[in-house]
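Participant: following is a predicted model, sequence given first.
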2 protein chains.
Amino acid sequence: MKRSLESIEYKEDTEALAKFAKALAHPTRIAILKHLGKQSCCFTGDLVDVFPLAQSTISQHLKELKNAGLIQGELKSPKIKYCINQENWSIAKGMFQEFFD
Amino acid sequence: MKRSLESIEYKEDTEALAKFAKALAHPTRIAILKHLGKQSCCFTGDLVDVFPLAQSTISQHLKELKNAGLIQGELKSPKIKYCINQENWSIAKGMFQEFFD
DNA sequence: ATTTCTTATCGTAAATATACGATAGGTTTT
DNA sequence: AAAACCTATCGTATATTTACGATAAGAAAT
């Protein structure tokens, strides 16, 4: 990006919505979230069995979803249990709802 | 992407939702759509005045939104009038709604 | 016919995203 | 203590995205 120096300023909620959208902008992540919705929660290993992707790739997608705040991980030794982050899920839901009118 | 040969198969609606999300995954495009929502419609030139971005960059974002089906352009010589594509907008709205429960 | 206006497209540079294998860092189990 | 198990992270290759200026392509105005 040859952008000229400092980047554009957007309103906070515009940035926030774009960030959520970005987290959803890959079919694997949508599928993970759908799976998580059905199951309520699951472990990384479960997903590795479900999707024909390398374990490292799944882990990377989970990281992005976590960074976006849509999921959260809890250590259930020796595994990690991932669940929807209900609070942020609601926020995202509300933002998309408002955006679409 | 070193993906092994043919890419993964996702359900149709998973792909579709990811595609819509991708179109929304940039603050400029969110802002354009918000602007379009308020104004109902507008011309490329209007946006060039509003955003501190090159005309070609705006045009590129509009192209992506059009490809995603969220907007449509109508020739009003010598300008082009862009509006929300209400039909697909509703579809996208419904898909996000369903996704978030 | 030439100039002007508006927008799309081309070419390109830099940043980001996506995938993989390999490896590291924890726990648990043996 | 060693082996086995689960997951994150690192390094890396390739693809895609994002931005720009320059140029093309169309209609309208002079």
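Facilitator: Happy to help now that I have it.
Participant: go ahead and flag the most central residue of chain A.
Facilitator: Using Cα atoms, centre = their mean, the residue of chain A that lies closest to the mean C-alpha position is A:Leu65, 2.4 Å off.
Participant: do the worst-scoring helix or strand of chain A on mean pLDDT and chain B meet at all?
Facilitator: Here the helix or strand of chain A ranked lowest by mean pLDDT, DSSP states H and E is strand A:41-43, holding a mean of 88. No. Using Cβ under 8 Å from any Cβ of the partner chain, strand A:41-43 stays clear of chain B, coming no nearer than 15.8 Å. From N, CA and C alone the C-beta is placed, and that goes for glycine too.
Participant: got the contact list for the helix or strand hosting A:Glu87?
Facilitator: Applying DSSP states H and E as the criterion places A:Glu87 in helix A:86-99. Identification of contacts with helix A:86-99 by Cβ atoms under 8 Å, 6 or more residues apart in numbering or on different chains yields A:13, A:16-17, A:20, A:68-70, B:30, B:33-34, B:96-97, B:100-101.
Participant: what about those, which are in helices?
Facilitator: Counting by DSSP state H, the contacts of helix A:86-99 place A:13, A:16-17, A:20, B:30, B:33-34, B:96-97 in helices.
Participant: filter those residues down to just the buried residues.
Facilitator: Taking 16 or more other Cβ atoms under 10 Å in any protein chain shown as the criterion, what is buried in the ones in helices among the contacts of helix A:86-99 is A:16-17, A:20, B:30, B:33, B:96.
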